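Enquirer: Could you work out the structure for the sequence below:
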Amino acid sequence: MKTEPLARSADLIVDSIGDELLVYDTSSSRAHSLNAVVAAVWKACDGTRSPEQIAAHTGLDPAAVELALDNLAEIELISGHKRTGISRRSALRRITVGAAGLTVGAAAAGGVAAALPVIRSITAPTAAKAVSNCTAVFNKCTLTTDCCSGHCSGDGFCRSSPAVGSGQPCDGVNQCEIGSQCVCPHDSCASTSYYCSPTG
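Expert: Next up is the predicted model:
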């Protein structure tokens, strides 16, 4: 049975910064910054869409989608994708040829180079502390005052942006404030149906 690309959710902390995503893999202590192109592809990997359908869904060039999927598979953020081995140069050449038809916001605003997927990865220190003795983003916290950013999320990790309060919409990741979790009250939910709800 053929499987389609599926975004991983276990052992990840996800934080949005504009159109980009910061993804921290707690199992490997690796942090990944996904530009808008890769973020759009990763969000579209629901296990039902083929690479071609992901390209149609996101409005991205198929070559950019191929490269993004290969890169996401390499850092183990998706499953169900057999790498194509497309090179960045080959993807750029294919996108350049079809540039006249690009309609994606990122490509239209920033040219062909902006339509390429970019992932930056680092190994995060497990006990990083700032000079002020506060805890850096993606490290464990108990109180908001523990975090240099001032944002301690419901999963007990410092975030770069405020945690979402109880009763507020969330995107299915552990972004809710301490004492609440992101849940869907229905049997079948779209991503817009999730809300922070008190635990226990």
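Enquirer: what's the spacing between the residue most central in space within the chain and Glu4?
Expert: Nearest residue to the geometric centre of the chain (Cα atoms, centre = their mean): Leu21, 4.5 Å. Separation of Leu21 from Glu4 (Cβ to Cβ, to the nearest Å) stands at 20 Å. The way it works is simple: take the backbone N, C-alpha and C, and place the C-beta from them, glycine included.
Enquirer: Could you do Cys196 as well?
Expert: 30 Å.
Enquirer: The two: which has the busier surroundings?
Expert: Neighbours around Cys196 and Glu4, counted as other Cβ atoms under 10 Å, are more numerous at Cys196. The numbers are 22 against 17.
Enquirer: Which strand or helix spans the more buried one?
Expert: Per DSSP states H and E: Cys196 is located in strand 195-198.
Enquirer: From what I see, Tyr195 and Asp171 are in contact.
Expert: No - using Cβ atoms under 8 Å as the test, Tyr195 is too far from Asp171 to be in contact (10.6 Å).
Enquirer: Overlap in contacts, those two.
Expert: Cys182 (Cβ atoms under 8 Å, 6 or more residues apart in numbering).
Enquirer: between those two, who's got more neighbours?
Expert: Tyr195 (19 against 13).
Enquirer: Break this structure into its domains for me.
Expert: Using automatic domain parsing, the domains assigned to the chain come out as 6-123, 125-200.
Enquirer: Next, count neighbours for Ala73.
Expert: Number of residues near Ala73 (other Cβ under 10 Å) recorded here: 17.
Enquirer: ok so, going back, need the domains of the chain in a markdown table (columns: mean pLDDT).
Expert: Below are these laid out as a markdown table (pLDDT from 0 to 100):
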| stretch | mean pLDDT |
| --- | --- |
| domain 6-123 | 84 |
| domain 125-200 | 72 |
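Enquirer: deepest of those, which one?
Expert: domain 6-123 (a mean of 17; mean count of other Cβ atoms under 10 Å).
Enquirer: For it, measure first residue to last.
Expert: 24 Å (Cα to Cα, to the nearest Å).
Enquirer: what's the answer for stretch 143-156, then?
Expert: By Cα to Cα, one end of stretch 143-156 lies 8 Å from the other end.
Enquirer: do the same with stretch 40-55
Expert: OK, stretch 40-55 end separation, Cα to Cα: 10 Å.
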